[in-house]
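Undergrad: return a 3D structure for these sequence lines:
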Amino acid sequence: MASDKIKQKLELLPLKPGCYLMKNKEGEIIYVGKAIKLKNRVHSYFVGSHNYKTTKLVSQIDDFETIVTSSEKEALLLEFNLIKQYRPRFNIMFMDDKSYPYLKLTKDHAPALSVVRNIKDKKAEYFGPFPDSSAAYQTKDLLNRLFPLRKCQHLPKKVCLYYHIHECLGYCEKKIDEDVREDMIKKIRRFLKGDTADILHQLTGEMNEASEALNFEKAKEKHDLIEAIKHVTQQQKVQFKDRKNRDVFAYYEEYGYISIQNFILHDGKILNRSLSVQSLVEDAQTTFMSFIVQYYEKNILPDEILLPYELNIEGIEEVLDTKIVQPKQGNKKQLVDMVKENAKKTLHEQIETLQRDENRKSQAMKELSDFFNTEIHTIEMIDNSHISGAFNCSGVVVFKDGEPSKADYRLYRLDEYRSDMDSMKEVLYRRYYRKLMEKQPMSDLLIVDGGWQQIEAAKEVLDSLGIDILLAGLVKDDKHRTSSLLDKNGEVIEVKKDCPLFFFLTNLQDEVHRYAITYHRKLRSKAMNKSILDDIEGIGEVRKKQIWKKYKTIKNLRQATLEELKEFLPTSVAENVLELVGQKTLDNH
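TA: Next up is the predicted model:
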């Protein structure tokens with residue numbers, strides 16, 4: 001039921017295109033949409049029946065504002081920018097994790113390859129997309145072995161080991177002939193377009209030649225390269241002889257959910273990926289169009305986009321600077337139908353799980369809101385991790401309407417360890433002081449891991465900052481499992497072991513622990529992987545890897561002769577290695 005304030009604003013809406021921003025009682029923007037006629041679209045939210053997610057959205061709308069545009073194209077672009085800026089909780093967000101990996105080739109005098117998802121650097125050339133990051137890294141590693149590209153992130157003053165083993169042209173020190181560089185770039189382009197016949201022929205000849213000379217180690221090396229090339233180039237099959245780059249999108253809607261899927265055809269090679277199955281707020285076509293605009297924020301426009309024939313593409317055709325085809329027949333129509341069929345199959349496979357999860361989350365949030373006698377939508381929880389006080393760190397996770405909001409997760413590297421209580425107080429102060437300074441919205445509920453002592457410590461910090469939010473402690477039993485909640489007055493809230501709230505709190509506890517412990521392990525691993533070779537001037541990552549590859553252990557390295565080390569190290573560096581390794585090993589005994 002719309003409030004009087006909303007009813008009055010609805011009467012004043014124009015029959016023009018534009019965007020609307022729905023707000024909750026705290027003034028937070030919870031949904032952004034676009035419309036060809038604002039009056040009709042916004043009014044539709046407050047009349048008639050809706051699916052579950054739209055009903056949930058409407059129940060939280062306390063106010064709205066609109067922005068009139070001159071065309072549907074402007075509305076589509078504005079909607080995208082507003083979603084990107086405000087990240088409303090009810091909008092389907094595709095921008096975080098739906099970009100594909102690409103290979104980036106720099107165009108400077110020392111070309112280098114890297115795997116990236118950001119494709120904004122206009123001074124570089126991009127190849128892809130790849131179906132996953134492992135395929136991209138395999139291809140990058142293979143090309144770095146096949147071609148003398150720059151391997152160093154920053155050019156050193158002198159040539160390194162890669163130059164001496166013929167995997168780099170020595171860009172830092174040598175003058176490189178422009179024709180040699182361009183020829184290498186052309187060969188890389190041909191390789192990435194699937195034309196590998198010449199290089200396979202060359203490597204096969206080199207393998208046979210090495211085998212006849214009884215140089216079996218070199219022959220095996222060439223054989224491994226041949227197999228690697230076949231592996232990275234035979235993952236996909238050719239679908240169209242014109243070898244154009246195409247993206248094919250389709251969707252399927254049922255039961256208040258939408259399944260969006262696309263096929264990517266790159267140089268005739270097809271990559272298949274199911275993109276998203278989510279509950280709907282808007283109509284399916286509007287959501288689908290929003291997805292496509294968001295998708296091309298992080299991915300390269302192809303030569304051609306194939307879309308379902310029934311879709312109205314007027315707005316998107318103006319926004320995307322490429323050819324859009326809606327095939328009625330032939331191979332392209334069959335391809336669009338196949339993508340749609342995959343979207344339908346994916347939705348039907350997941351619908352029961354999705355509905356069950358949706359109901360469980362909704363019930364858990366309702367139980368929590370009933371316990372505290374107020375609407376709860378945003379929850380955050382803190383966990384600390386350390387080993388005997390070392391590598392002290394904390395993680396904060398945020399859940400919105402029962403779902404993790406990973407963009408709001410935060411990690412904290414803490415000061416010298418004193419106690420778990422002090423660590424929690426430090427994190428709380430840093431987090432909420434920053435929220436105050438930046439005028440960020442506060443969560444509805446803060447959960448601390450522990451009982452009354454932890455609650456008192458959290459209250460002390462929040463009171464010192466003048467912040468009044470709901471606070472609870474997650475109490476565990478003697479087996480360290482979720483047992484009950486404790487409110488900020490010390491009242492115990494029993495949680496039944498078979499209810500949705502219990503499973504939600506357990507999931508929340510597991511997630512914050514996973515997040516904090518992962519960061520802790522990263523800090524610990526970084527410290528443990530520090531090598532004594534790091535203390536030697538002239539030893540970088542490349543030389544360090546070569547030393548450990550050859551000698552494996554400190555014991556073996558101590559037995560190395562100066563002459564052996566001088567085969568790939570300057571004399572002064574080799575002497576320093578033997579001196580330092582010998583001294584440190586003696587110290588340990």
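Undergrad: elements contacting the top helix by length along the chain?
TA: Scanning the chain for the longest helix, with DSSP state H as the assignment, gives helix 330-372. Helix 330-372 is packed against helix 52-60, strand 246-254, strand 257-266, strand 269-279, strand 304-306, strand 482-487, helix 500-528, with contacts defined by 3 or more CB pairs under 8 Å, 6 or more residues apart in numbering; DSSP states H and E. (Each C-beta comes from the backbone N, C-alpha and C, glycine too.)
Undergrad: of all those, which lies closest to Glu341?
TA: Closest of the helices and strands packed on helix 330-372 to Glu341 is strand 246-254, at 8.3 Å (criterion: CB to CB).
Undergrad: list the buried residues for the helix or strand hosting Gly473?
TA: Assigned by DSSP states H and E, Gly473 falls within strand 470-476. Buried residues in strand 470-476, defined by neighbour count with 16 or more other CB atoms under 10 Å: 470-475.
Undergrad: Pro348: neighbouring residues, count only.
TA: Just to correct that, residue 348 is His rather than Pro. 13 (other CB atoms under 10 Å).
Undergrad: quick check, Glu375 in a helix?
TA: No - according to DSSP: H, G, I helix; E, B strand; the rest coil, the state of Glu375 is coil, so it is not within a helix.
Undergrad: re earlier: so the longest helix of the chain versus strand 470-476, what angle?
TA: For helix 330-372 against strand 470-476, the angle by axes from the mean of the first three to the mean of the last three CA atoms, to 10 degrees is 90 degrees.
Undergrad: let's see the following helix or strand past helix 330-372 as CSV, backbone CA atoms only.
TA: The helix or strand immediately downstream of helix 330-372 is strand 378-387, counting by DSSP H and E. Presented in CSV, the C-alpha positions along strand 378-387 are these (Å, rounded to 0.1, in the frame of the first residue of the first chain):
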residue,chain,number,x,y,z
THR,A,378,22.1,-5.6,6.5
ILE,A,379,24.2,-7.6,8.9
GLU,A,380,27.9,-7.6,9.4
MET,A,381,30.2,-9.9,11.5
ILE,A,382,33.8,-9.7,12.5
ASP,A,383,36.4,-12.5,13.1
ASN,A,384,40.0,-12.3,14.2
SER,A,385,42.8,-14.7,13.2
HIS,A,386,46.3,-15.2,14.5
ILE,A,387,48.8,-17.9,15.6
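Undergrad: any buried residues in stretch 72-88, and which?
TA: Those would be 72-80, 82-83, 87-88, for stretch 72-88 by 16+ other CB under 10 Å.
Undergrad: which of the residues you listed fall in helices?
TA: 72-80, 82-83.
Undergrad: just send those back as JSON lines, with pLDDT and distance to Ala124 too.
TA: Output for those, formatted as JSON lines (pLDDT from 0 to 100; distance: CB to CB, whole Å):
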{"residue": "Glu72", "pLDDT": "85", "distance to Ala124": "34"}
{"residue": "Lys73", "pLDDT": "84", "distance to Ala124": "30"}
{"residue": "Glu74", "pLDDT": "88", "distance to Ala124": "31"}
{"residue": "Ala75", "pLDDT": "88", "distance to Ala124": "33"}
{"residue": "Leu76", "pLDDT": "87", "distance to Ala124": "29"}
{"residue": "Leu77", "pLDDT": "87", "distance to Ala124": "26"}
{"residue": "Leu78", "pLDDT": "90", "distance to Ala124": "30"}
{"residue": "Glu79", "pLDDT": "89", "distance to Ala124": "30"}
{"residue": "Phe80", "pLDDT": "86", "distance to Ala124": "25"}
{"residue": "Leu82", "pLDDT": "90", "distance to Ala124": "30"}
{"residue": "Ile83", "pLDDT": "87", "distance to Ala124": "28"}
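Undergrad: ok, the residues you listed vs Gln334, which is closest?
TA: Proximity of these to Gln334 (CB to CB) peaks at Leu76, which lies at 28.9 Å.
Undergrad: check the buried residues of strand 470-476 and tell me the two furthest apart.
TA: Leu470 and Val475 (16.3 Å).
Undergrad: re the thing from before, which of the buried residues of stretch 72-88 lies closest to Leu562?
TA: Arg87 (59.9 Å).
Undergrad: now Leu192. Nearest residue, chain neighbours left out?
TA: Phe127 (4.4 Å; CB to CB, 6 or more residues apart in numbering).
Undergrad: so that neighbour sits against Pro101, correct?
TA: No - with contact defined as CB atoms under 8 Å, Phe127 does not reach Pro101; the gap is 10.4 Å.
Undergrad: what pLDDT does the residue nearest to Leu192 get?
TA: What the model reports for Phe127 is a pLDDT of 80.
Undergrad: gap between it and Lys187?
TA: 13 Å (CB to CB, to the nearest Å).
Undergrad: pick out whichever of these two has more residues nearby.
TA: Neighbours per residue, other CB under 10 Å: of Phe127 and Lys187, the larger number sits with Phe127, 22 against 16.
Undergrad: got the phi and psi for the more buried one?
TA: With angles defined as degrees, to the nearest 10, Phe127 sits at phi -130, psi 140.
Undergrad: residue contacts, it?
TA: Counting by CB atoms under 8 Å, 6 or more residues apart in numbering, Phe127 makes contact with 102-103, 105, 189, 192.
Undergrad: show me what it bridges to in the sheet.
TA: Note on Phe127: beta-bridge partners Leu103, judged by DSSP bridges.
Undergrad: pretty sure Lys175 sits in a helix.
TA: No - the assignment for Lys175, made by three-state DSSP, is coil rather than a helix.
Undergrad: what residues of stretch 430-438 count as buried?
TA: Quick answer for stretch 430-438 (16+ other CB under 10 Å): 431-432.
Undergrad: sorry, that was for stretch 538-556
TA: Residues of stretch 538-556 classed as buried by neighbour count (16+ other CB under 10 Å): 539, 542-543, 546-547, 551, 554.
Undergrad: and these, which is closest to Pro441?
TA: Taking CB to CB as the measure, Val542 is the one of the buried residues of stretch 538-556 closest to Pro441, at 47.9 Å.
Undergrad: the helix or strand where that closest one lies - contacts with which helices or strands?
TA: Per DSSP H and E: Val542 is located in helix 541-551. Using 3+ CB pairs under 8 Å, 6+ apart, the elements in contact with helix 541-551 are helix 161-164.
Undergrad: send me the helix it packs on as CSV with only the CA atoms.
TA: Taking C-alpha atoms only, helix 161-164 is exported to CSV below (Å, rounded to 0.1, in the frame of the first residue of the first chain):
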residue,chain,number,x,y,z
LEU,A,161,69.0,-15.1,-17.3
TYR,A,162,66.1,-15.1,-19.8
TYR,A,163,68.4,-13.4,-22.4
HIS,A,164,71.1,-16.1,-21.9
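Undergrad: quick check: mean pLDDT across it?
TA: Rounded mean pLDDT across helix 161-164 is 81.
Undergrad: what does stretch 5-23 give?
TA: On average, stretch 5-23 scores 90.
Undergrad: what comes up buried for that stretch?
TA: Buried residues in stretch 5-23 (16+ other CB under 10 Å): 6, 9-10, 13, 16-23.
Undergrad: as a markdown table, these with secondary structure and distance to Asp401 would be great.
TA: Output for these, formatted as a markdown table (DSSP: H, G, I helix; E, B strand; the rest coil; distance: CB to CB, whole Å):
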| residue | secondary structure | distance to Asp401 |
| --- | --- | --- |
| Ile6 | helix | 21 |
| Lys9 | helix | 25 |
| Leu10 | helix | 25 |
| Leu13 | coil | 27 |
| Lys16 | coil | 32 |
| Pro17 | coil | 30 |
| Gly18 | strand | 27 |
| Cys19 | strand | 23 |
| Tyr20 | strand | 20 |
| Leu21 | strand | 18 |
| Met22 | strand | 14 |
| Lys23 | strand | 16 |
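Undergrad: ok, those residues vs Leu533, which is closest?
TA: Looking across the buried residues of stretch 5-23 and measuring by CB to CB, the closest to Leu533 is Leu21, at 56.5 Å.
Undergrad: touching, that closest one and Leu82? I think so.
TA: Yes - using CB under 8 Å, Leu21 is in contact with Leu82, at 6.7 Å.
Undergrad: overlap of the contact sets of the two?
TA: Joint contacts of Leu21 and Leu82 (CB under 8 Å, 6+ apart) are 29, 32.
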